[in-house]
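Colleague: here is my input, please return the structure:
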Amino acid sequence: MLMVVQLLLLLCVGSSVSEDLMTPTVNIIAELGKLKKMEEKIQTLQETLNTVLSENAALKSLVQDSQNKLESFLKENKAQKIAFSAGLLASGEGYTGPFKDDWKTLVYKKVFSNIGDAYDSNTGIFTAPVKGAYYFRFYAHSRSRINLGAGLFKNNVPQCSVFSFQPTRHSNASNGVVLTLEPGDQVHIKVWSNAQVYDDIDSLTSFSGFLIFPL
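Modeller: Take a look at the predicted model:
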């Protein structure tokens with residue numbers, strides 16, 4: 001009888017030990033659950049990061065595009081502000097001409113304004129920076145019996161002129177014209193051959209122009 005009881009006790013103890021070995025403890029299961037939740041959070045954070053990076057790239061592209069458009073607008077707006085005015089002599093007084101061989105370009109040195117930098121005081125030539133309708137006006141003066149004569153040229157083609165035949169005293173003349181210019185077209189004033197113009201500190205001989213509107 002005692003032996004039977006001992007066998008039963010051994011069986012019970014063996015069964016209990018086997019169950020303990022086969023079944024995870026409660027703490028391990030909890031830790032595994034925590035790891036699973038952490039993995040889910042990491043995955044969610046990764047997805048959020050990818051979304052933010054994608055949106056940031058799109059935003060960066062949008063900002064860059066806006067900056068490019070703004071720079072283009074400012075550049076175009078600046079190019080459309082064009083006006084200049086200049087007198088022939090920077091200082092002193094005197095005659096220019098007459099020249100026997102050919103008409104000679106007048107280089108207006110006394111620059112009153114040159115918005116847009118389209119007029120070159122080294123050459124006397126205005127170069128259109130944008131396509132548009134431009135207005136030009138020039139004045140000429142003489143104080144001798146030599147002919148007064150000057151003309152406005154577009155790309156070396158005469159457009160309009162002023163002339164006074166052997167003036168006895170002071171002689172003044174002016175003319176103006178509206179021209180349609182393409183970018184790079186050039187406008188300048190030439191004194192006629194066998195003619196002259198006079199200028200002094202009062203800028204009696206001058207050249208002006210401005211952009212009326214772009215086309």
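
Colleague: domains for the chain, by residue range?
Modeller: 2-78, 82-214 (automatic domain parsing).

Colleague: quick one: low-confidence parts of the protein?
Modeller: Residue ranges of the chain with pLDDT under 70: 1-26, 31-32, 63, 66, 70-79.

Colleague: all strands for it, in order.
Modeller: 83-87, 94-96, 104-105, 110-115, 119-120, 125-127, 132-142, 148-154, 157-164, 171-181, 186-191, 197-199, 206-214 (DSSP state E).

Colleague: how far away from the center of its chain is the second one?
Modeller: In this case it means strand 94-96. Strand 94-96 has its C-alpha centroid displaced from the chain centroid by 41 Å (C-alpha atoms, centre = their mean, to the nearest Å).

Colleague: mind listing what's buried in that strand?
Modeller: Across strand 94-96, burial judged by 16 or more other C-beta atoms under 10 Å covers T96. (C-beta placed from N, C-alpha, C; glycine too.)

Colleague: any idea how far Y135 is from A150?
Modeller: Per C-beta to C-beta, to the nearest Å, A150 is found 18 Å from Y135.

Colleague: the two: which is more packed in?
Modeller: A150 (29 against 14; other C-beta atoms under 10 Å).

Colleague: hmm, the more buried one is touching Y139, no?
Modeller: No: shown here, A150 and Y139 do not form a contact pair, counting by C-beta atoms under 8 Å, at 9.2 Å.

Colleague: okay, and the common contacts of those two?
Modeller: Common contacts of A150 and Y139 (C-beta atoms under 8 Å, 6 or more residues apart in numbering): A173, T205.

Colleague: quick revisit: most tightly surrounded among the strands of the chain?
Modeller: strand 197-199 (a mean of 25; mean count of other C-beta atoms under 10 Å).

Colleague: list the contacts of that strand.
Modeller: 87-89, 93-97, 106, 140-144, 148, 150, 191, 204-205.

Colleague: that strand pairs with which strands, and in what direction?
Modeller: strand 94-96 (antiparallel) (DSSP bridges).

Colleague: give me the number of residues near R143?
Modeller: 17.
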